[in-house]
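Undergrad: make a model of this:
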Amino acid sequence: MFKRTVLAMAISAVPFAAQAEQSAEDLQKQIDILAQEIESLKENGTSGSSNVLDKLSIGGYGEIHYNNYTERDNNDQIDAHRYVLYFGYDYNDKVRFFSEFELEHSLAGEGKPGEVELEQAYIEIDTTANTKLRLGQFLVPVGILNETHEPDTFYGVERNNLESKIVPATWWEAGAMFSQDLGGGLTYDIAGHSGLNMFKAGGTPNKIRSGRQKVAEANGNKGAMTGRVRYAGIPGLDMAASVQYQQDVFQAAQGFDTVSGVLVEAHARYSIAGATFTIQHAEWEFDEEIGVEAAEEQSGLMAEVSYKLTEKFGVFARHTELDWNDGGADLENTERTDSTAGVNYWIVPRVALKADYTDVHYDTDGKDNDADDNVSIGIGWSF
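TA: Okay, here's the model as predicted:
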């Protein structure tokens, strides 16, 4: 009886073992299929939210200033000057998107002091291992601060006036820019893009800074080209020269002649043992058809010395000379000299407290030499 029972159990167990073996094989096949599908989804960049986040980059910067005009009875000012967010996305190893979105002066809208601005929005393509192409809206490759202006990267509460009135930073245009790294620290950029519009009613020129159209339903009748050569092949040294040609800064205004313009900018910066020496020159020349002789040539010169006493604390002194046109029919340019000295204190590497004093001197008749002297303090950050 016992033998028959054991035999019956052994016979009945055979199909169960076969079924278990078959199930394990099926399960392994299903696992293999799922693994292949996951790899396929990863390659196509649609493998889920974690993969998307890996390709997304977010950053930004901001700065808040207080300006006290020492010789005025009023007009002191506290201002959330800039609040900026960056967003980027890597489509793959060679194609990426980058954008910069900015709110100036805290409030924007009708009757408000600020603006909401799209300063950058472009696609960058690595065309070879050492060349790249940008298409869209980008910062013009001119000057020191125009492309790198996070407040923790430079001395002074406010940006220097050369890169405000002569190089109208922050300055962006729409078009295409090709860049190449030639090796040994030598690079160049060449860009074709939208141009300035300095035309004012009556045919008088506007200020250079007011000629920026900011790619906001911009007049595109005439364009511009910019080229830059940069060398940073020696430790501590960074030098560059840019040339820009504006086809017509009046944008083919009806009834007026073409007004072309050329900007030449050059700078050098050398850092050694905590000390940094910077010199920069920029100069515009416009055709005489601009209509105001004083506006035909406008220029600026800036020299700065800084020294980091510790990793967190630095001091600086800066001298800036400007000769620029205020726009309109002014027969004489404004000649101004700014002498600035101050300190930066980095709470952490990308957060800086700043304080400085600026003495402003005008060589132009009718200007109050003391009215714009100021003490400024501020905080700036980037991430």
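Undergrad: low-confidence stretches in the stretch 251-383 of the chain?
TA: For the stretch 251-383 of the chain, the stretches with pLDDT under 70 are 330-331.
Undergrad: can you give me the strands in it?
TA: Ranges of strands in the stretch 251-383 of the chain, per DSSP state E, counting those that start in this stretch, are 261-272, 275-286, 297-308, 313-324, 334-348, 351-362, 374-382.
Undergrad: can I get those strands in a markdown table including mean neighbour count and distance to Leu135?
TA: The C-beta positions use only the backbone N, C-alpha and C, and glycine is treated the same way. As requested, those are exported to a markdown table (neighbours: other Cβ atoms under 10 Å; distance: least, Cβ to Cβ, whole Å):
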| stretch | mean neighbour count | distance to Leu135 |
| --- | --- | --- |
| strand 261-272 | 18 | 23 |
| strand 275-286 | 19 | 27 |
| strand 297-308 | 18 | 31 |
| strand 313-324 | 19 | 33 |
| strand 334-348 | 17 | 36 |
| strand 351-362 | 19 | 34 |
| strand 374-382 | 19 | 26 |
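Undergrad: would JSON lines of those strands with distance to Lys94 be doable?
TA: Shown next, in JSON lines, are the strands of the stretch 251-383 of the chain (distance: least, Cβ to Cβ, whole Å):
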{"stretch": "strand 261-272", "distance to Lys94": "31"}
{"stretch": "strand 275-286", "distance to Lys94": "34"}
{"stretch": "strand 297-308", "distance to Lys94": "38"}
{"stretch": "strand 313-324", "distance to Lys94": "39"}
{"stretch": "strand 334-348", "distance to Lys94": "34"}
{"stretch": "strand 351-362", "distance to Lys94": "34"}
{"stretch": "strand 374-382", "distance to Lys94": "27"}
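Undergrad: among those, which comes closest to Glu100?
TA: For the strands of the stretch 251-383 of the chain, the distance to Glu100 is smallest for strand 374-382, at 12.0 Å, taking Cβ to Cβ.
Undergrad: quick revisit: of all the strands of the stretch 251-383 of the chain, which one is nearest Thr70?
TA: For Thr70, the closest of these is strand 374-382, at 6.2 Å, according to Cβ to Cβ.
Undergrad: that closest one pairs with which strands, and in what direction?
TA: Applying DSSP bridges to the sheet, strand 374-382 is found paired with strand 56-69 (antiparallel), strand 351-362 (antiparallel).
Undergrad: would you reformat those as a markdown table and include distance to Gln28?
TA: Shown next, in a markdown table, are the strands paired with strand 374-382 (distance: least, Cβ to Cβ, whole Å):
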| stretch | distance to Gln28 |
| --- | --- |
| strand 56-69 | 36 |
| strand 351-362 | 55 |
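Undergrad: ok, which of the ones you listed comes nearest Thr226?
TA: Shortest separation from Thr226 across these is recorded for strand 56-69, at 24.2 Å, computed as Cβ to Cβ.
Undergrad: only the buried residues of the closest one, if you could.
TA: For strand 56-69, a neighbour-count test (16 or more other Cβ atoms under 10 Å) marks 60-67, 69 as buried.
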